[in-house]
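pasted the sequence and its predicted model underneath.
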Amino acid sequence: MKREIILYKSISTDLLEQLKNRFIVHQHQLKSEMDDSFFSDLQRVEGIIGSKLRVDGHLLDQAPHLKIVTNISVGYDNLEIEELTKRGIMATNTPDVLTDTVADTVFGLLLATSRRICELDQYVKLGRWDENIGEHLFGVDVHHKTLGIIGMGRIGLAVAERAHYGFKMKIVYHNRSTHSYAEKNINATYASLEELLTVSDFVLVMAPLVPETVKLIGEKEFDLMKETAIFLNGSRGELVDELALIHALQSKKIWGAGLDVYEQEPISKESLLLQLKNVVTLPHIGSATRETRYKMAKLAVDNLMKGFTGEVPPSLINPDVLTD
Ligand SMILES: NC(=O)C1=CN([C@@H]2O[C@H](COP(=O)(O)OP(=O)(O)OC[C@H]3O[C@@H](n4cnc5c(N)ncnc54)[C@H](OP(=O)(O)O)[C@@H]3O)[C@@H](O)[C@H]2O)C=CC1
Ligand SMILES: O=CC(=O)O
């Protein structure tokens, strides 16, 4: 008899067919409040695949047969890992396959913000280009500047490599542990958070969302940055105190910001961030290319399949479930 699973994100037809060959697939849309039919299916399913659904003890109480939760994302701040492990439920994510794509997006944000690409695109399209632009629309250089990376992991390193090899930038980073590969190969220097904020021309947040990183960057941290600094967030909105960011931008404590993620997503249409010219805003599209989204879904499907064959899923987050 086929096992039952929930799929709550759209994936390509070939991957959906693979799932349907193996499982009874209940398809749902992710909503802020999942409906009764979702919870009714949850009672029977052994796997869940999708991204962003909050999986906590309350939800797990309603999923008595669940064996695996498969995220189609590398970040897994939506999953209560301790709760899943306690119940012997596997959790998986999609690392590596998206690293270069997200690094490209972050570098795009860095260039767009520093060279005012979006603002000047509008300037041309709205018919304002009557003569050479004046100094008030000049950008700032990227090459040879200092990039500070908070969270030098897979994506942080891929951004740092672009900055080092392509733009001859100096790299400073802050983690809980040192990154010997980055130090040896691209001359990255470890710094305390305070030092990184003080010396960097570009500050990039790329650390995961965990209790210790909530509002890691707030008023005190913006105060430490250079007045010419550009702040970039490619990780999760909750790592930044958004009101403090708005204040820092309005009061010109920093020069600009490039954002892919926000405290609330989709961002409120009333957010002051949307009214500031020195901010480039993207709708959380770090990994959003056809090729990469396909690879992520494929890896997630592979994780799910292996979860039921006794093999170890390739990106198992909580291996403790295998020994408990
Ligand atoms: N915008 C988008 O679309 C995307 C966003 N993301 C986000 O990017 C994050 C990073 O992904 P990825 O690079 O693959 O993850 P990694 O785990 O490879 O890297 C995260 C790095 O953050 C560091 N870190 C962890 N905790 C802290 C802390 N408290 N303070 C400072 N540094 C810390 C870790 O180093 P150490 O352990 O030494 O502290 C690690 O090197 C994801 O968790 C996700 O939230 C990912 C993909 C797409
Ligand atoms: O935000 C996206 C992810 O993969 O994490």
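In hand now; what should we look at? Ligands and ions are numbered 1, 2, ... in the order given.

Val279 - how many residues pack around it?
For Val279, the neighbour count with other Cβ atoms under 10 Å is 21. C-betas here are computed from N, CA, C, even on glycine.

wait, isn't it in contact with Ile254?
No: taking Cβ atoms under 8 Å as the contact criterion, Val279 and Ile254 are not neighbours in contact, 10.4 Å apart.

export the least confident helix or strand in the chain by mean pLDDT to PDB, keeping only CA atoms.
For the chain, using mean pLDDT, DSSP states H and E, the weakest element among its helices and strands is helix 320-323, scoring a mean of 92. Taking C-alpha atoms only, helix 320-323 is exported to PDB below (Å, rounded to 0.1, in the frame of the first residue of the first chain):
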ATOM      1  CA  ASP A 320      20.400  11.800  16.200                       C
ATOM      2  CA  VAL A 321      17.000  10.300  15.100                       C
ATOM      3  CA  LEU A 322      18.900   7.400  13.600                       C
ATOM      4  CA  THR A 323      20.600   6.400  16.800                       C
END
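
contacts for it, please.
84-85, 88-90, 312, 316 (Cβ atoms under 8 Å, 6 or more residues apart in numbering).

what do you get if the cut-off is 7 Å, keeping everything else the same?
When contacts are taken as Cβ atoms under 7 Å, 6 or more residues apart in numbering, the neighbours of helix 320-323 outside the stretch itself are 85, 88-90, 312.

now do stretch 194-201
Counting contacts by Cβ under 7 Å, 6+ apart, the residues outside stretch 194-201 that touch it are 145-148, 150, 172, 174, 203, 221, 224-226, 228-229.

and the strand or helix carrying Ala112, how far from the chain's centre?
Element membership for Ala112, per DSSP states H and E: helix 99-114. A distance of 12 Å separates the C-alpha centroid of helix 99-114 from that of its chain, computed with Cα atoms, centre = their mean, to the nearest Å.

what mean pLDDT does the following helix or strand past that helix have?
On the C-terminal side of helix 99-114, the closest following helix or strand by DSSP H and E is helix 117-125. Averaged across helix 117-125, the pLDDT comes to 97.

also stretch 58-70?
The average pLDDT within stretch 58-70 is 98.

in it, which residues are buried?
Of the residues in stretch 58-70, those scored as buried under the neighbour-count criterion (16 or more other Cβ atoms under 10 Å) are 59-60, 63, 66-70.

so is that stretch next to ligand 2?
No: applying Cβ under 6 Å from any ligand atom, one finds stretch 58-70 out of contact with ligand 2, separated by at least 12.8 Å.
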